[in-house]
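# What follows is a predicted structure for the sequence shown.
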Number of protein chains: 2
Amino acid sequence: MMAISSLVWHCPFQYIWTISRLATRCQRKPLSIWTRAATQSRIKKKATEPLKTLVLVPSLQGSISHTAKRSLHTSQLHRQEVMLTSERYGVERLPFAHISDSNLTFFEHLLPGRVITDAEELKPFNVDWLKSVRGCSTVLLKPRTTMEVSQILKYCNEKNLAVNPQGGNTGLVGGSVPVFDEIILSTALMNQIISFDNVSGILICQAGCILENLNQYLEPMDFVMPLDLGAKGSCHIGGNVATNAGGLRLLRYGSLRGTVLGLEVVLADGSILNCLASLRKDNTGYDLKQLFIGSEGTLGIVTAVSILCPRKPHAVNLAFLGCPGFCQVLRTFTVCKGMLGEILSAYEFMDNECMKLVERHLKLTNPVAESPFYVLIETSGSNSTHDEEKLSHFLEHVMGSDLVVDGTLASEDKKIKALWALRERITEALTCDGVVYKYDISLPVEKLYDLVTDMRIRLSTAAKNVVGYGHLGDGNLHLNVTAESYSHSLLDAIEPYVYEWILQYHGSISAEHGLGFKKKHYIHYSKPKEAVLLMQQFKIMLDPKGILNPYKTLPSKAV
Amino acid sequence: MMAISSLVWHCPFQYIWTISRLATRCQRKPLSIWTRAATQSRIKKKATEPLKTLVLVPSLQGSISHTAKRSLHTSQLHRQEVMLTSERYGVERLPFAHISDSNLTFFEHLLPGRVITDAEELKPFNVDWLKSVRGCSTVLLKPRTTMEVSQILKYCNEKNLAVNPQGGNTGLVGGSVPVFDEIILSTALMNQIISFDNVSGILICQAGCILENLNQYLEPMDFVMPLDLGAKGSCHIGGNVATNAGGLRLLRYGSLRGTVLGLEVVLADGSILNCLASLRKDNTGYDLKQLFIGSEGTLGIVTAVSILCPRKPHAVNLAFLGCPGFCQVLRTFTVCKGMLGEILSAYEFMDNECMKLVERHLKLTNPVAESPFYVLIETSGSNSTHDEEKLSHFLEHVMGSDLVVDGTLASEDKKIKALWALRERITEALTCDGVVYKYDISLPVEKLYDLVTDMRIRLSTAAKNVVGYGHLGDGNLHLNVTAESYSHSLLDAIEPYVYEWILQYHGSISAEHGLGFKKKHYIHYSKPKEAVLLMQQFKIMLDPKGILNPYKTLPSKAV
């Protein structure tokens, strides 16, 4: 048995997210960006084709995405089977019923041709994107309507069958795949847009719509989705809501808790909770939908979403700056908020260790003088002249002070893309550096980098690299430790030290990734026992048999 | 017995809010604005003094506000006692225990000198601001700490004593005062700021801090609160959170569901739920705090709040435009969102009937050509030159089209104030027009004004005036019907017709005011029975004896 950790195994397909994200930042999808995929010898040509189709030929069908994913997974699995979660982590199966032939007959009658039982076809749905956990489900259901989801859950609840809801299967904490033989309920075919109001900007759609497809649908009408993730080419909006996805636009448009206006949810007993309001203001009783946002499919299955979409910004600029210390990174942020105000849309940071990794492994070039820290500032506004003028004044100010030692500004796509690559491809560079121990942490901004420094001293030569980067504007640090090979002793040196450190400064052990399967036992580092107890009471009230996404999010026993 | 309605009795003090709001919009508080209060013969000079003090001499003590309020209430009560809620609405008292001497001894021991039992002193805390409901509580408690609130609730829960939490007592639906003899738990002395981080903009404070005081605290540091209400001079931040207050800045900064980062809440049994995180991102388990936002004190008492504050905008501009029809009001909004984008901070509308009322009763002057509709557009940004240029381009565009027939632009305080007065003082003008039937409604924007038109046709000469105005940017309509005197038949002609109309278009019967005592029986017009049932289950789980703010928010029986 192995301790549940944040370790990520080397995955040759990790670049897919990075490329997708890059394409998005530049607001166009050049063919050339796929060169790397084409030259990646380990992927069969056939397997990469659907990926191109997905991104270059937008489709609201969603199924193409899954085919692409599946092909990739399959070729990966042929080489190296991921260890079963139950074996790796020594988890015991809860006393749910096992799938019987009569169950399958019921499902086939309900969803003709949409019940997958072929072992080979099921493989990619049993394994997470990071190839770190694997279940052994023998059946996957593809409902098209809320009523079908309702009938499935009503039946499963009666028969005591466990259900694993799955969107795009892009989660990073093992929340989206079964732990044992839970029935996988995929939202892949629930991909219809229900309505869009181009006065209010309110979009209503089914849960299985792929985030990028929704953006492509909105673009001609001059709107964008209020969230943007690396996984946008695969992730489903229902999954985004269920995991309260953060991402790159949070600094500008706020969290899903503000932008999601309504939800339709099917509860464990099959009852349909229709809170699909399309209203910005509604103070009639408790806001039930909030309980389902971020509950990772453990309280109900999100079947439709109503979301407020902002207008698409017409001018985008990017500044890349070198700072002499973390204190200056923080002070620059303060100045930036004051001088750029309403047009600031991203404030990201990375340390010099990250820069060295992207230079070494990806051959990217640092565009400014070498500095201990770098910040990437994005502005998005409605008037390019105004935005450039604001940015220029800001840059004059910070370059003329001791806050910034060097900087560069980009407004054309190609340079913007190159600058974003430095920040966005850190994940890829880390993967090339060896085995990676990943932590997604929220801390008060002034403490954000102290954890990296402390960890570097603590681990000393036991680690190859200890690096820190992230969404500084949101107080979100990505702490990564690399090593030549996996070692229990290194993991023991990191955990629970990292969680205790976070606890000390009232941070969060999961800023945006959720708890899923891997982090549920660490919840007490971020939430008091009264809160966990209350969460467990909600779970029991809404899902008394515990059939919804079992083994996830909450510890099974009191903490 | 009278039906619970949205009727508001004429209140000579209604202008207080208007004035406070005006002062706020102009970001200064001129002495001259108080002239009307001084010449208001019905208010004793002594009673108005503390009001001046409240606004002009900011204080974080909060007690001054309450004194001011109390004085006003007292002088009002001397003239006309408000009918008891239990009598007017024929409500039956639930079987809670009655206050005994031993209870009082316990409270006096716990809160020495902070237990109010004097009948005269209690009066203003028993009556709502609109003078529409009145309870008969005999005891008011003023805890200073969360621990004291915890001890009070633990005791009350054990002794089966009902509790009415009260902030600034500025609610409009009878949620903030007792219905019978519930113990009033006032947050007035819980007015300490706990911390402010001027890098992240995160403020943590006790629930009893007055909204305006918080703004005044933030101003020198160049920050503002993310919400702005007419009642800001009296309302407590804890009450704002408990009622999910909307207000004027929602269009720009989003709802409290996004800006409130953490809460500390005391549950009915006295246990303290500390979810007072100061993190923008935290995905560790269910977001419990959301359940308490907007629950109107029925699930727990908010004792402290962590809230994200935006930077103060340095440039504010205002445009006042006349539109030939509601269709043009909507199209202008679409153009406005595209051309003003990130600097748009308010988009309000009013019909010509509103304009006629402010002209007739308040002698205000329409600055543009008479039109069927008027819109008021506010921009807030970091660079006045840029903002004025954007506004000019926008105005050229709309004036050159058929969208706008006439318009005026203001950037200096005095003119801004005069323009805002036209929209802000509608409430006051309505009060002067007679008895007012008030409805606070959310509807899909394209349907927003149809309700006013329908109602005008339906009521015909039975009503004196039927007017519509509100926060169009938020889809929030304030529908008001005036008449010379109260009549049952007029009320019957409005209700339930108005609620059925809202139901038909999936609107909300309470956009921002909440349900409180007055609207709880109408919840099923905006929420399905499954949702109400779930809310009732939450209530039973969190407050099994129902001691917290009884008779409010949820209907006692299944709907």
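Nice, thanks for sending it over. Residues are numbered from 1 along each chain as shown, chains lettered A, B, ... in the order given.
# any chance you could map the strands in the stretch 251-400 of chain A?
With DSSP state E, counting those that start in this stretch as the criterion, the stretch 251-400 of chain A has strands at A:260-266, A:272-275, A:301-308, A:315-323, A:344-351, A:373-381.
# need the helix or strand of chain A with the lowest average pLDDT.
helix A:35-39 (a mean of 25; mean pLDDT, DSSP states H and E).
# pLDDT score assigned to residue A:306?
Looking at residue A:306, its pLDDT is 97.
# partner residues bridging it?
Beta-bridge partners for residue A:306, by DSSP bridges, are residue A:204, residue A:262.
# ok, now how distant is it from residue A:481?
Using Cβ to Cβ, to the nearest Å, we find residue A:306 at a distance of 41 Å from residue A:481. All C-beta spots, glycine's among them, are computed from the backbone N, C-alpha and C.
# These two: which has the busier surroundings?
Using other Cβ atoms under 10 Å in any protein chain shown, the more surrounded residue of residue A:306 and residue A:481 is residue A:481, with 28 against 22.
# show me the residues around that one that make contact.
Residue A:481 is in contact with A:436-437, A:455, A:459, A:463, A:465-466, A:490, A:494, counting by Cβ atoms under 8 Å, 6 or more residues apart in numbering or on different chains.
# Against chain B, how distant is it?
21 Å (Cβ to the nearest Cβ, to the nearest Å).
# Close to chain B: what parts of the stretch 401-550 of chain A are there?
With the criterion set to Cβ under 8 Å from any Cβ of the partner chain, the stretch 401-550 of chain A comes near chain B through A:442-446, A:471, A:474-476, A:506-515, A:519, A:523, A:526-528, A:530-532, A:534-535, A:537-538, A:541.
# how about 7 Å then?
Residues of the stretch 401-550 of chain A lying close to chain B (Cβ under 7 Å from any Cβ of the partner chain) are A:442, A:444-446, A:474-476, A:506-515, A:523, A:526-528, A:530-532, A:534-535, A:537-538, A:541.
# Let's see the ChimeraX selection covering just the buried ones among these.
In ChimeraX syntax, the buried subset of those is picked out as below (16 or more other Cβ atoms under 10 Å in any protein chain shown):
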select /A:442,444,445,474,475,476,506,507,508,509,510,511,512,513,514,515,523,526,527,530,531,532,534,535,538
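# Just to be sure, which of the residues of the stretch 401-550 of chain A next to chain B are found in helices?
If you go by DSSP state H, those have A:530-532, A:534-535, A:537-538, A:541 in helices.
# Quick check: the farthest pair among the residues you listed?
Across these, the longest distance by Cβ to Cβ is 16.5 Å; it joins A:530 and A:541.
# returning to what we had before: in CSV: the contacts of residue A:481, plus distance to residue A:324.
Putting those into CSV (distance: Cβ to Cβ, whole Å) gives the following:
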residue, distance to residue A:324
A:436, 28
A:437, 28
A:455, 22
A:459, 25
A:463, 25
A:465, 21
A:466, 20
A:490, 31
A:494, 28
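# Closest one of those residues to residue B:259?
Among the contacts of residue A:481, residue A:455 lies closest to residue B:259 (Cβ to Cβ), at 31.9 Å.
# Spell out which helix or strand contains the closest one, please.
For residue A:455, the element it lies in under DSSP states H and E is helix A:450-459.
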